[in-house]
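Student: what shape does this take:
(one chain, ligands or ions: 2)
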Amino acid sequence: MGDGLRPKPPAREEDIVRVEELVGRRLPDWLRERLLVENGFDVDDSIGVTGRRWSFLPVMDRSNRKRMTRTCNDIARCNDRSTAGTLCVPEGAVMVGSALASSPDLWLLPDPAYPSVLGLDLYRRGPGGSLVSMEVKLTDLAPTEEQVAALVEPAEPLPTFRYNVDPQACRRSPNLCQVCGRRRGWQCSEAWSPVCPWCVAEGRVGENKNIIFSEWLEQPGSMPVDHGIDSAIIAEVLTRTPYVSTFQELLWPTCCADACAFVGRLTGAQILDLPASVLAENHLELFVDSSCPEFDPEDPAVLGFLCLHCGEPGVVLDMS
Ligand SMILES: [Zn+2]
Ligand SMILES: [Zn+2]
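Tutor: Ligands and ions are numbered 1, 2, ... in the order given. Predicted coordinates:
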């Protein structure tokens with residue numbers, strides 16, 4: 001949505017009122033006040049409940065043609081019931097934004113106490129167009145580090161993970177761990193099923209969703225001898241390593257008879273730093289031409305790995 005470089009102009013009250021008439025509900029005061037500062041804005045909730053950066057939709061600014069064009073994809077348009085996208089959601093639901101550079105969308109429902117006003121509770125789209133509560137209110141988005149610290153147990157040193165050294169594998173979070181039921185201030189997985197790093201390190205999560213060595217797991221006992229990957233290593237990646245979220249099934253790279261360590265999603269600059277042989281092997285030449293405007297290091301995502309023995313880098317491409 002936004003170019004994120006400089007703040008957009010404020011919304012005009014009359015344009016907010018027009019959108020409210022079109023969607024049939026008054027926007028919550030929190031949203032109105034923010035729009036009156038910046039028409040279409042980003043909120044960084046990366047240490048909050050949702051763990052995401054959100055981009056809120058503008059209201060169409062009808063003050064001049066240029067602004068109208070810039071803000072045409074507004075709350076009213078995205079909630080036009082004549083378009084397919086909003087057909088199956090509940091009556092009265094209004095989409096107000098979406099996650100930056102990924103899904104999902106952000107929805108509000110009418111306040112049960114004042115049905116003519118949209119409530120503060122946030123929802124995302126679930127299966128079949130249903131809306132699922134995100135267990136967070138608009139007013140609680142983007143907490144400060146102090147606010148998170150006040151909600152959680154005193155900080156403990158984080159466990160280390162041999163096969164996942166991505167600095168973003170664990171994040172600050174006020175969420176309750178779904179395994180131990182404690183608020184320890186950190187979580188590993190998706191916001192929708194938060195699990196603390198300690199439960200992952202202790203293997204208390206059970207077999208998580210890291211799909212690795214898949215062709216071998218499908219046929220037990222068929223593990224190629226020359227790879228020589230110890231079953232204890234496979235168990236550690238599967239049950240005691242933070243989950244690596246991917247669109248495609250992930251075949252975890254191996255080298256020197258060991259699983260490689262996941263180092264994170266590579267940025268454009270990190271991709272350019274890879275040895276030429278790795279670029280060629282993975283058909284990453286396109287990325288080298290990062291000057292082209294369509295260059296997007298997010299999709300396909302380039303997952304970086306490193307051999308823990310010889311230091312050889314490895315990559316896995318993940319496309320949406
Ligand atoms: Zn836990
Ligand atoms: Zn190696």
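
Student: now do the helices in the stretch 151-300 of the chain.
Tutor: Assigned by DSSP state H, counting those that start in this stretch, the helices in the stretch 151-300 of the chain fall at 197-201, 214-218, 231-239, 268-272, 276-281, 285-288.

Student: which stretch among these is buried most, on average?
Tutor: helix 197-201 (a mean of 21; mean count of other C-beta atoms under 10 Å). C-beta coordinates here come from the backbone N, C-alpha and C atoms, glycine included.

Student: state the distance from the residue lying closest to Thr254 once chain neighbours are set aside to ligand 2.
Tutor: Distances taken as C-beta to C-beta, 6 or more residues apart in numbering place Ile229 nearest to Thr254, at 5.7 Å, with adjacent residues excluded. According to C-beta to the ion, to the nearest Å, Ile229 and ligand 2 sit 12 Å apart.

Student: doesn't Asp258 make contact with Ile229?
Tutor: Yes. At 7.1 Å, Ile229 counts as touching Asp258 under the criterion of C-beta atoms under 8 Å.

Student: returning to that earlier point: and the residue nearest to Thr254, how many neighbours does it have?
Tutor: Other residues near Ile229 come to 18 when the count uses other C-beta atoms under 10 Å.

Student: can you check Ala93 too?
Tutor: Neighbours of Ala93 using other C-beta under 10 Å come to 19.

Student: what sits against it?
Tutor: Contact partners of Ala93, counting by C-beta atoms under 8 Å, 6 or more residues apart in numbering, are Thr86, Trp107, Leu108, Leu109, Tyr123, Leu131.

Student: next up, identify which helix or strand the second one is on.
Tutor: Spelled out, that is Trp107. Counting by DSSP states H and E, the element that carries Trp107 is strand 105-108.

Student: need the contact partners of that strand.
Tutor: Residues contacting strand 105-108 (C-beta under 8 Å, 6+ apart): 28, 54, 56, 89, 93-99, 118-125, 131, 138.

Student: now, which of those residues lie within strands?
Tutor: 54, 56, 94-99, 121-125, 131 (DSSP state E).

Student: show me the beta-bridge partners of the closest residue to Leu274 other than its chain neighbours.
Tutor: Once flanking residues are discounted, Leu274 sits nearest to Pro313: 6.0 Å by C-beta to C-beta, 6+ apart. Counting by DSSP bridges, Pro313 is bridged to Leu306.

Student: now do Pro313 against ligand 1, distance only.
Tutor: For Pro313 relative to ligand 1 (C-beta to the ion), the value is 32 Å.

Student: what's the neighbour count on that residue?
Tutor: 19.

Student: ok, Asp318 next?
Tutor: For Asp318, the neighbour count with other C-beta under 10 Å is 18.

Student: now do the same contact list for it.
Tutor: So Asp318 contacts Thr246, Phe247, Gln248, Leu250, Pro300, Ala301, Val302, Leu303 (C-beta under 8 Å, 6+ apart).

Student: lowest-confidence one in the residues you listed?
Tutor: Lowest pLDDT within the contacts of Asp318 is found at Pro300 (69).

Student: interface residues of the stretch 201-320 of the chain facing ligand 2?
Tutor: Cys255, Cys256, Cys307, His309, Cys310, Glu312 (C-beta under 5 Å from the ion).

Student: 8 Å instead?
Tutor: Cys255, Cys256, Asp258, Cys260, Cys307, Leu308, His309, Cys310, Gly311, Glu312 (C-beta under 8 Å from the ion).
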